[in-house]
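In: When you get a sec, could you give me coordinates for this:
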Amino acid sequence: MTPTNLAQPQRQQTQLVMALRACAGAFGLVFLYSSGYNLFLLAPSIYLLQIYDRVMSSRSVDTLVMLTLIIAVAVVVGSTLDIVRRAALSRIGSWLDHRLRPDVLSASFEYASRADSSVAADCYRDLASLRQFLDSPASALLFDIPWSPIFLLLLFLVHPLLGAIGLLSAIALLSLALLTELATQQPIAQANLSLSRSYVRLATALRYIQVIRAMGMQDGAAQIVYRDAERARKAQDTAMHRTEIILGFSKSIRTLTQILVMGAATWLVLADNSSPGIIFVSSLLLGRGLAPVEGAIGAWRSFAFARNSFNRLNKMLILVSTQEDPRTIPVPDPSGLILDNVGYAPPFADRPILKGVTLHLLPGDCVALIGPSGSGKSTLGRIMAGVLHPTSGCTLLGGVEISALRLCGDTRHVGYLPQDIELFGGAIKDVIGRLDGADPIRAIEAAKLVGLHETIMRLPQGYETDIGEGGNLLLRAQRQQLGLARAAYGNPSLVVLDDPNSSLDYEGERILYNAIERMRSRRMIVVIITHRMGVLPITNKIAIMRNGMVNAFGESEHIYDTYLRPPSPTQTLEGKAAL
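Out: Predicted structure coming up:
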């Protein structure tokens, strides 16, 4: 299944869910720490009751001192438990980050290759958001909220009237919390979307800054980035203002409830001759009962953000399986490349790009894939390279589905040189070596294969030379040669070259053709996607594509003579005479 939308509901146990379940014992300890912390919060209430019941009646200074010492120890222990539980939550967040980071990173790469790279980047940041939430005070509130009913129950035990006032106040605050969710859900979602779009457009603008500046587009590009950021700011301001208004109402309700409880407790002292201590005890119990609820309103944005991060990350992990198959796929046998009725249609597209493409290439074959723009050549090349998965049919290399070749460990069976050459890495040996540890011998062998070794050795640091981020210190022709060496690294069974001579001069093309000849001598299958006819002499097969289908395929001489050879002057004159 090809994922297209992270909003699709799915049910599956992911690495995220399993990691959280593995933390069940740690969360249980945090709950025990929170229970002790909340129990020790009763210490001031008990202290006041004991002062009124024991100290005031006995007027004993010794009793007062002992009570004060006991309560002081209780307060210190309670504070220590609060510190311990926050430290435990922080360690849980760190452990989750350490355990999930490789899986989330792998899933982000996979989702970006299948669907949307910006969404994949957001999901990768979601893991950091979850850790930040566990580090924040808002996460501790989740363990305090279950104690609100207990404090309110104790308030009922003091007197039903006081408990009823506290319960009604808690219901009102919970209603405001739900109102906060409804009022801020849409603005927060809009802010996240606009901010993500702003970051993506900024990254794109910075990537092509030289072109933007040369074309005088800098102000326009800045306006586009700023417009998205401004939309995000306005949405964030809307959510914040609504939260502030609701929080203001909640504080008013809390203050009024505090006054009502103290007034009702005073009335009970006057009417029922109750102990005056219940005035302070009821006030403290009410405060402890409502504090988590009121705190939840203020931290609702953090709750909502963490929940959205969890849902988005979990759905991406469901849609993208990041678990590697423990089996080892065998090295492809010499049977070659087989495309059997391959079709491809992008998500939500009206019509397919490829329709029923069937080819069979043998080891040592070099095929030129030619055709007009939009005929599906590059899409077919990406399918051959395993970048895209066909929506119908199959693509087999040595009897193995190309998309499964990633399970072969570090053995490289496919090389790919795209139109837009992206050189990820720093040192030349790392770029050529596909970031797999850069075996120097294999990197040098690949460079020699494409005729780049002498050029590299003339550099001051040779294969250790840093090419800059994305190869921005190199000319396009040099980047293309380096990309070709990367494609040939490890002697792959199949090499797909998309428009490899677009930036090369005569000498560069000669080096390229010699490299392709050497690849063929090593029994590699070479697929060349091109618009230039000059590459045809080094091929032994030609495939002509039109409208997503292969209209002609066969030996180069036959296809060229039948479909591509321009008419001779004699044929042209005979044609004119016939007219």
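
In: Name the spans of the stretch 401-550 of the chain whose pLDDT lies under the cut-off.
Out: 406-412, 424-425, 436-439, 468-474, 503 (pLDDT under 70).

In: now do the stretch 201-350 of the chain
Out: In the stretch 201-350 of the chain (pLDDT under 70), the answer is 207, 210-211, 214, 274, 321-334.

In: Show me the helices in it, by range?
Out: Here the stretch 201-350 of the chain has its helices, by DSSP state H, counting those that start in this stretch, at 209-214, 218-272, 277-298, 300-319.

In: repeat for the stretch 51-200 of the chain
Out: Under DSSP H, counting those that start in this stretch, the stretch 51-200 of the chain gives helices at 56-58, 61-114, 117-135, 137-144, 148-158, 160-207.

In: Out of those helices, flag the one nearest residue 299.
Out: helix 137-144 (3.9 Å; Cβ to Cβ). Where C-beta positions appear, they are placed from N, C-alpha and C, glycine not excepted.

In: Can you spell out which helices and strands pack onto the closest one?
Out: Packing partners of helix 137-144 (3 or more Cβ pairs under 8 Å, 6 or more residues apart in numbering; DSSP states H and E): helix 24-40, helix 61-114, helix 277-298, helix 300-319.

In: JSON lines please, covering those helices and showing distance to residue 271 and mean neighbour count.
Out: Below are those laid out as JSON lines (distance: least, Cβ to Cβ, whole Å; neighbours: other Cβ atoms under 10 Å):
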{"stretch": "helix 24-40", "distance to residue 271": "32", "mean neighbour count": "16"}
{"stretch": "helix 61-114", "distance to residue 271": "29", "mean neighbour count": "16"}
{"stretch": "helix 277-298", "distance to residue 271": "12", "mean neighbour count": "22"}
{"stretch": "helix 300-319", "distance to residue 271": "40", "mean neighbour count": "20"}
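
In: Quick one: closest of those helices to residue 187.
Out: That would be helix 300-319 among those, by Cβ to Cβ, at 10.1 Å.

In: So what touches the closest one?
Out: 1, 3, 6-8, 10, 12, 14-17, 103-104, 107-108, 111, 119-120, 122-123, 126-127, 129-130, 133, 136, 138, 177, 180-181, 184-185, 188-189, 192, 239-240, 243, 296 (Cβ atoms under 8 Å, 6 or more residues apart in numbering).

In: can we see that at 7 Å?
Out: Residues outside helix 300-319 that contact it (Cβ atoms under 7 Å, 6 or more residues apart in numbering): 3, 6, 10, 12, 14-17, 104, 107, 111, 122-123, 126-127, 129-130, 133, 136, 138, 177, 180-181, 184-185, 188, 239, 243.

In: Please list only the buried members of those.
Out: Buried residues within those, counting neighbours by 16 or more other Cβ atoms under 10 Å: 3, 6, 14-16, 104, 107, 111, 122-123, 126-127, 129-130, 133, 136, 138, 177, 180, 184, 188, 239, 243.

In: got the domain boundaries for this protein?
Out: Using automatic domain parsing, the domain parsing of the chain gives 15-319, 337-578.

In: and of the helices of the stretch 201-350 of the chain, who's closest to residue 388?
Out: It is, among those and with distance given as Cβ to Cβ, helix 300-319, at 16.4 Å.

In: quick one: residue 561 and residue 129, what's the gap?
Out: Per Cβ to Cβ, to the nearest Å, residue 561 is found 63 Å from residue 129.

In: can you list the helices and strands packed on helix 137-144 in CSV and add distance to residue 343?
Out: CSV is the format used below for these (distance: least, Cβ to Cβ, whole Å):
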stretch, distance to residue 343
helix 24-40, 46
helix 61-114, 17
helix 277-298, 52
helix 300-319, 22
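
In: Report the contact partners of residue 141.
Out: Listed by Cβ under 7 Å, 6+ apart, the contact partners of residue 141 are 292, 295-296, 299.

In: can you tell which of the helices and strands packed on helix 137-144 is closest to residue 479?
Out: helix 61-114 (21.2 Å).

In: other SSEs contacting the closest one?
Out: On a contact count with 3 or more Cβ pairs under 7 Å, 6 or more residues apart in numbering; DSSP states H and E, helix 61-114 meets helix 15-22, helix 24-40, helix 43-50, helix 117-135, helix 137-144, helix 300-319.

In: mind running it again at 6 Å?
Out: helix 15-22, helix 24-40, helix 43-50, helix 117-135, helix 300-319 (3 or more Cβ pairs under 6 Å, 6 or more residues apart in numbering; DSSP states H and E).

In: Helix 117-135 and that one, what's the angle between them?
Out: 170 degrees (axes from the mean of the first three to the mean of the last three Cα atoms, to 10 degrees).

In: mean confidence for helix 61-114?
Out: The pLDDT scores in helix 61-114 average 87.

In: And that helix, how far out from the chain middle?
Out: Relative to its chain's centre, helix 61-114 lies at 26 Å (Cα atoms, centre = their mean, to the nearest Å).

In: now stretch 308-323
Out: The answer for stretch 308-323 is 9 Å, by Cα atoms, centre = their mean.

In: Pull out the C-alpha coordinates of it and format them as CSV.
Out: Output of stretch 308-323 as CSV, limited to C-alpha atoms (Å, rounded to 0.1, in the frame of the first residue of the first chain):
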residue,chain,number,x,y,z
ASN,A,308,-1.4,15.5,17.8
SER,A,309,2.3,14.7,17.6
PHE,A,310,1.6,11.2,19.0
ASN,A,311,-1.2,10.6,16.5
ARG,A,312,0.7,11.9,13.5
LEU,A,313,3.9,10.0,14.4
ASN,A,314,2.0,6.8,15.1
LYS,A,315,0.1,6.9,11.9
MET,A,316,3.3,7.4,9.9
LEU,A,317,4.8,4.4,11.6
ILE,A,318,1.7,2.4,10.7
LEU,A,319,1.8,3.5,7.1
VAL,A,320,5.5,2.8,6.7
SER,A,321,6.9,-0.4,7.9
THR,A,322,10.4,0.3,9.2
GLN,A,323,11.1,-3.2,10.5
